[in-house]
Structures are given as structure tokens and as C-alpha cells.
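Novice: here are the coordinates; sequence isn't available:
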């Protein structure tokens, strides 16, 4: 309805706030502008403050997010939604004392407020902290066993950590309470097809592939993953625990559902850390993507996530993955394009201090693609100017809880 309301009343603050999540969900630019307009009209609109805080969290701008949620609590100190967001931000920012204080304040208002744990689980998953998301979702279920959202969050993140059977049980419980949750329904439908797949084990990997492709796929996938593991283990002095589960999906829609619960995801692969999911070569028409390069890219994420306890910034993890693609084989990974050069010349590329915004809040259609390549150039520059160990040392510093500014100062002395 917002499309009909806003042309007639561009200052309708509720319509502005309602339109923002839709734009964010669609990956379209302008969600932040809509929320800011709503706050210009009514600075005391608590749901807008909380939503905008969540957008800042997505770019790992915890300081800005805390400022927004504190403004919301100045307006309404009893807002459970704001207290839940405050707790989630503190947890992501390594502030356990702040998390406990926010939780205490929320539970003083409502001791059965499971949404605090659900919010923490959702944002943990959005920041690739899947084990932490499982833990929070389990606490939500323990507090409110009727919460379909809690069971759904638990199931989706159990699947991401490789607990397939437990994940199915949790999703079935969620679906029993809320049969209209399309994310859960799609994922359960996908799980129903797993009987058509088989697992082939190698020394370090479990290859999960549709049966009719397995004999051929296992030969190529197993060898490629072994080469990539050896390369990254040497380069980063890290050996993630094995076996690592690599799932290869026969259709892009199935891969997309496995990743986000909906069809239509633009990515070709994803790494949850100890679980990889990728398109099969047969999932797309010939020439649409480089399957081997995608596998290499996703396994690099397993190393950067593992070395940092899943606390690597998005831009650095993506930059290292693309950089490793580029130097693995000729023709692999992103390369400079005329549109990238045009964006650079027009000063549309974000500075390194705001690289996550290029991935999470693009301001023009090609910015996400440009950000992958730009991040890889930053990684190449760091290794060139600060030495072969610099990227690995940065990952260790992130694992130890330092933010990006501190990592640059401590590791790169700049």
C-alpha cells in the first residue's frame, strides 16, 4: 500500500517506515533515506530509530547503531524492541557487560520476552556467527516453546552449522505453529529432496551431491578442494577442523533456498564456515559462471571465518576470497571493467573505512560487484606494502576482538 500512500502524502511517516524494509529486502537503494525522512518528520519515532540502528549494524557500524538505539530509549525507556536491539549490538561489539545490562532491563519489564534472544540470534546470523545464533535461538525456545520464530531461527542456523537432522526437527516445529512462514516452508521442501543426494567422503571433506552427478563431480570437486585447502593452510597458517561439508545443488533455486530460504539469490556459492553450498555446473547454462573459481572463493571464506571465530569484516573476507581467486588461476576472480573505471573516475567508490557499505547499502546498481573487486585490490595492496603475513595477522587481530581501526593501527602501523 505504500506506493499508493507516499505519492499522495510524501510525509506519511508510517508509510515511509513501512517502505524501508521492503527496499532493504529487495536489495534496492534508498531504505536508509526513507527512514531518515521519517525521523526528520518525527524524531521521536522509536520503531524508525530501532530499524535504522539495525541497518547500521549490518554495516558493522556499532557506534552509530548504539547512538540510534539510545535515542530511541531516551524517548521510551521501556521499549522492549529497543532493548532487544541494544542487547544484540552489545553482543556483536564484544561488550558482554552491556549485553547483560540490556537483558536485565528487558526482562524486568517482561521475564518471558523471547524476542530479545530472537533478535540476538537474527543479527548473529546476519554477521555469520552461526553457532552463536544457534545458542541464542535455543535460549528463545527455552523461554517460549510456542515461538515459531525461535524454532525457525534455530532450525535455519542448525542447518548452517551442519546439524541437518536437528535443523529439520526445529523447522518442523516452527512450521507446525506457523504454516505461512515461506522461508521455513521452502527449506522443508528442499530437505525433502535430500533423499536424491548422496555423500562422498574424502580425507577432509564430505561431498553432498545429487546421485546422477556424484561419480563425475566427486573426482573434480574433491581434487579442487584438496588443492585449495593446502594452499590456504600454508598461506594463512591455519587448518580449519574437518570434515568440511560441501553441498552441490542441481538447481540455482535449490541453492538459493538453502542459503536464504527464498529463490532468486544472486550469489553462486556461500560459506557458512564448516558448510559450503554451491551451484552445480549443471545448475546454470554453460558460460554463466566459473564453477571452479566459485569453489575456491567459498573455501577461502572457511579459512577467514575460522581464523577470526567468524568475526572478520565482510569486506575483508570477500576481498581475500576474490584476491585468492585472482591469483589461483588465470581468468579466475573479478577483474577491472569499464564500469569499474567509470565509477572510480566519478568518485563513486567508497573509502576503505566504509567498505562494508558498498556491499550492504549500495547506492548504484553495480556497486556490490565493484565492491568485490575493490576489496580484492585493497587486500593486494596490503600484502604488497606490508608483507605476506599482513593479511593473516589482521585476521588474528580481528579474532582477538579488535575493530578495524585498531587492527590497522596494530598490524599495519597506519
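Specialist: Received it, and whenever you're ready, just let me know what you need. None of these values were measured; they are calculated from a predicted model. Numbering: from 1, shown residues only.
Novice: now stretch 71-84: buried residues?
Specialist: By neighbour count on 16 or more other CB atoms under 10 Å, the buried set for stretch 71-84 is 71-73, 79-84. The C-beta positions use only the backbone N, C-alpha and C, and glycine is treated the same way.
Novice: no no, stretch 132-144
Specialist: Applying 16+ other CB under 10 Å to stretch 132-144 flags 132-141, 143-144 as buried.
Novice: same deal with stretch 42-51?
Specialist: Buried residues in stretch 42-51, counted by 16+ other CB under 10 Å: 45-51.
Novice: cool, stretch 279-299 as well?
Specialist: For stretch 279-299, using 16+ other CB under 10 Å, the buried residues are 279-283, 289-299.
Novice: can you check stretch 165-185 too?
Specialist: Residues 167-168, 170-171, 173-175, 177, 181, 183-185 are the ones in stretch 165-185 that count as buried (16+ other CB under 10 Å).
Novice: dump those residues to JSON lines, plus distance to residue 310 and pLDDT.
Specialist: Putting the buried residues of stretch 165-185 into JSON lines (distance: CB to CB, whole Å; pLDDT from 0 to 100) gives the following:
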{"residue": "167", "distance to residue 310": "18", "pLDDT": "98"}
{"residue": "168", "distance to residue 310": "23", "pLDDT": "98"}
{"residue": "170", "distance to residue 310": "21", "pLDDT": "98"}
{"residue": "171", "distance to residue 310": "22", "pLDDT": "98"}
{"residue": "173", "distance to residue 310": "26", "pLDDT": "98"}
{"residue": "174", "distance to residue 310": "24", "pLDDT": "98"}
{"residue": "175", "distance to residue 310": "28", "pLDDT": "97"}
{"residue": "177", "distance to residue 310": "29", "pLDDT": "95"}
{"residue": "181", "distance to residue 310": "26", "pLDDT": "95"}
{"residue": "183", "distance to residue 310": "22", "pLDDT": "95"}
{"residue": "184", "distance to residue 310": "24", "pLDDT": "97"}
{"residue": "185", "distance to residue 310": "28", "pLDDT": "97"}
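Novice: distance to residue 393 and secondary structure added to these, as a markdown table?
Specialist: Listed next are the buried residues of stretch 165-185 as a markdown table, based on distance: CB to CB, whole Å; DSSP: H, G, I helix; E, B strand; the rest coil:
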| residue | distance to residue 393 | secondary structure |
| --- | --- | --- |
| 167 | 36 | helix |
| 168 | 41 | helix |
| 170 | 39 | helix |
| 171 | 40 | helix |
| 173 | 44 | helix |
| 174 | 42 | helix |
| 175 | 46 | helix |
| 177 | 47 | helix |
| 181 | 43 | coil |
| 183 | 39 | helix |
| 184 | 41 | helix |
| 185 | 45 | helix |
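Novice: quick check, nearest of the buried residues of stretch 42-51 to residue 304?
Specialist: Distance to residue 304, by CB to CB, is smallest for residue 51 among the buried residues of stretch 42-51, at 29.5 Å.
Novice: quick one: low-confidence parts of the chain?
Specialist: 1-13, 15, 17, 20, 23-30 (pLDDT under 70).
Novice: just want the most central residue of it.
Specialist: With the centre of the chain defined as its mean C-alpha position, the nearest residue by CA atoms, centre = their mean is residue 126, 4.3 Å away.
Novice: how far away is that residue from residue 154?
Specialist: Per CB to CB, to the nearest Å, residue 126 is found 16 Å from residue 154.
Novice: over to residue 272?
Specialist: 15 Å.
Novice: again with residue 66
Specialist: According to CB to CB, residue 66 stands 27 Å off from residue 154.
Novice: and those two? which has more neighbours close in?
Specialist: For residue 66 versus residue 154, neighbours defined as other CB atoms under 10 Å are more numerous around residue 154 (30 against 20).
Novice: find the nearest non-adjacent residue to the more buried one, please.
Specialist: residue 137 (3.6 Å; CB to CB, 6 or more residues apart in numbering).
Novice: residue 261 and residue 184 touch, don't they?
Specialist: Yes: Residue 261 lies in contact with residue 184 (CB atoms under 8 Å); the separation is 7.2 Å.
Novice: format the buried residues of stretch 71-84 as CSV; extra columns: secondary structure and distance to residue 95.
Specialist: Shown next, in CSV, are those (DSSP: H, G, I helix; E, B strand; the rest coil; distance: CB to CB, whole Å):
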residue, secondary structure, distance to residue 95
71, helix, 18
72, helix, 18
73, helix, 16
79, coil, 20
80, helix, 20
81, helix, 19
82, helix, 16
83, helix, 14
84, helix, 15
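Novice: can you show me the strands along this protein?
Specialist: 197-201, 205-210, 244-249, 269-271, 275-279 (DSSP state E).
Novice: need those in TSV (columns: distance to residue 379).
Specialist: Formatted as TSV, the strands of the chain follow (distance: least, CB to CB, whole Å):
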stretch	distance to residue 379
strand 197-201	33
strand 205-210	25
strand 244-249	23
strand 269-271	17
strand 275-279	21
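Novice: of those, which is nearest residue 374?
Specialist: strand 269-271 (20.0 Å).
Novice: partner strands of that closest one, parallel or antiparallel?
Specialist: Looking at strand 269-271 with DSSP bridges, its partner strands are strand 275-279 (antiparallel).
Novice: chain center to the strand it pairs with: distance?
Specialist: Remark: strand 275-279 is offset 14 Å from the chain centroid, using CA atoms, centre = their mean, to the nearest Å.
Novice: buried set for it?
Specialist: Within strand 275-279, the residues that count as buried by 16+ other CB under 10 Å are 275-279.
Novice: so it versus strand 244-249, what angle?
Specialist: Strand 275-279 runs at 20 degrees relative to strand 244-249, counting by axes from the mean of the first three to the mean of the last three CA atoms, to 10 degrees.
Novice: and the angle from strand 275-279 to strand 205-210?
Specialist: Using the same axes, to 10 degrees, strand 275-279 lies at 40 degrees relative to strand 205-210.
Novice: gap between residue 359 and residue 60?
Specialist: 10 Å.
Novice: now do the shared contacts for those two.
Specialist: residue 314 (CB atoms under 8 Å, 6 or more residues apart in numbering).
Novice: which one's more surrounded, these two?
Specialist: residue 60 (22 against 19).
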